[in-house]
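What follows is a predicted structure for the sequence shown.
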Amino acid sequence: MNVADRNRLYLQGILEGDGLFPHLESAPSAGFFAWDFGLPALPDEPGIIVIRGPRQYGKSTWLEFMLRGTLEQFGPGTALFLNGDYIAGPDELEREIQALVGGFPADARVRRLFIDEITAIAGWQKAVKRLADSGVLRQVLLVTTGSKASDIRIRMPRKASKYPFVDLLAAHTWSASRYTTPASFERSTPAERGVWWEWAVAAEHFRRAALAGSPTPTQSLFWRSDRHEVDFVRRDEPWIEVRSGRSSPFEFDWFTRSFPRETLLVVNADRFEGNRIRGVTLEDFLLDPSL
């Protein structure tokens, strides 16, 4: 049974029939092993979930299990399906997703689109990002699986709890502590000033990435251990640590030992030069695009 026929039956709420869930049909009659992809249940809210792992690990069977479970729990047409192995490229993927999103029932409380082996489509990330940015996926939970080795090694973004603002006007609008004058900002605590300095660096990082044509300019990578942290990890450029007060290169001996091939730019209140550690002011960083 082809994908189009399967989706027509899913929209009707038909869950029995050869080929509707081929991986489940070929699974051992004794039952399934316990999957552990770090996700015991799918959320009801929209979003994008990426499940990655080696082939023959049970990802496709898990996906069909979740697909069928969604239809059983929430009703006809609440889950639809695509197979990345049969999609030629990102433009076709974008068209297929748009068509299926438009096919969800208008009264569906949950809308889940399952895409198996999405990593078989070169450039799939750009297609998904375009759809997300345009709002096509705003009511859909997109669940994807894939096993392409190079895709498994993608960059991991910051945790949501530490994701920096890149629009300082928006940050000021929503901030509990509003600073109306430079003097009021100077009266803030060092911790508060440190947050705003980091957001200012993040805003400039975003601006440079956007001008360079980065497909993910808001992505801001960082590094953390039990004892230390670096605020911004950049490829082929010095990493950045932000300090609102004064600092010195002696505070970062651990960095030169831990990362012998990297350099560190410390945005702080002082200028200094050390062994692969350089200190610049926030003004220096904002005005010098080479930093």
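Great, that's in hand. Residues are numbered from 1 along each chain as shown.

Which pLDDT value belongs to the spatially closest residue to Val233 that is not a sequence neighbour?
In space, Val233 comes closest to Leu221 once its chain neighbours are excluded; the distance is 4.2 Å by Cβ to Cβ, 6 or more residues apart in numbering. C-beta: built from backbone N, CA, C; applies to glycine. Among the per-residue scores, Leu221 shows a pLDDT of 81.

Quick check: phi and psi on Leu221?
Per-residue torsions, Leu221: phi -90, psi 150 (degrees, to the nearest 10).

Am I right that it is in contact with Glu237?
No - contact criterion Cβ atoms under 8 Å: Leu221 and Glu237 do not qualify, at 11.6 Å.

Do you have the helices of the protein handy? List them.
Counting by DSSP state H, the chain has helices at residues 3-12, 22-25, 59-74, 90-101, 124-134, 149-152, 168-174, 182-186, 190-211, 253-258, 282-287.

could you give the angle of the fifth one to helix 90-101?
With axes from the mean of the first three to the mean of the last three Cα atoms, to 10 degrees as the criterion, the two stretches helix 124-134 and helix 90-101 enclose an angle of 50 degrees.

Give me the buried positions along helix 124-134.
Buried residues in helix 124-134, counted by 16 or more other Cβ atoms under 10 Å: 124-125, 127-128, 131-132.

Likewise for the fourth one?
The neighbour-count check on helix 90-101 (16+ other Cβ under 10 Å) flags 90, 93-94, 96-97, 100-101 as buried.

again with the third one
Across helix 59-74, burial judged by 16+ other Cβ under 10 Å covers 59-68, 70-71, 74.

which helices and strands sit right next to that helix?
Here helix 59-74 touches helix 22-25, strand 47-52, strand 79-83, strand 112-116, strand 141-146, going by 3 or more Cβ pairs under 8 Å, 6 or more residues apart in numbering; DSSP states H and E.

Point out where the stretch 151-291 of the chain drops to low pLDDT.
Applying pLDDT under 70 to the stretch 151-291 of the chain flags the ranges 151-163.

quick one on the thing from earlier: between the buried residues of helix 124-134, which is nearest Phe272?
Set against Phe272, the nearest of the buried residues of helix 124-134 by Cβ to Cβ is Gln125 (39.6 Å).

Name all residues that make contact with the nearest residue to that closest one once chain neighbours are set aside.
Closest residue to Gln125 apart from its sequence neighbours, by Cβ to Cβ, 6+ apart: Pro215 at 7.3 Å. Listed by Cβ atoms under 8 Å, 6 or more residues apart in numbering, the contact partners of Pro215 are 125-126, 129.

got it, and Thr78?
Listed by Cβ under 8 Å, 6+ apart, the contact set of Thr78 reads 70-71, 104-105, 108-112.

and the gap between it and Arg112?
Distance from Thr78 to Arg112, counting by Cβ to Cβ, to the nearest Å: 7 Å.

Residues that sit against both of these two, list them.
Common contacts of Thr78 and Arg112, defined by Cβ under 8 Å, 6+ apart, comprise Thr70.

Quick check, Thr218 in contact with Ala203.
No - checked against Cβ under 8 Å, the pair Thr218 and Ala203 is beyond contact range at 10.5 Å.

More neighbours: the two, which one.
Ala203 (18 against 15; other Cβ atoms under 10 Å).

Identify the residues contacting the residue nearest to that one when sequence neighbours are not counted.
In this structure, Ala203 finds its nearest non-sequential neighbour in Val166, 4.8 Å apart by Cβ to Cβ, 6+ apart. Each residue near Val166 by Cβ under 8 Å, 6+ apart is listed here: 199, 202-203, 205-206, 218.

List the backbone torsions phi and psi for Val166.
Backbone torsions of Val166, given as degrees, to the nearest 10, read phi -120, psi 0.

just curious, which of the contacts of Val166 is nearest to Val280?
Among the contacts of Val166, His205 lies closest to Val280 (Cβ to Cβ), at 14.2 Å.
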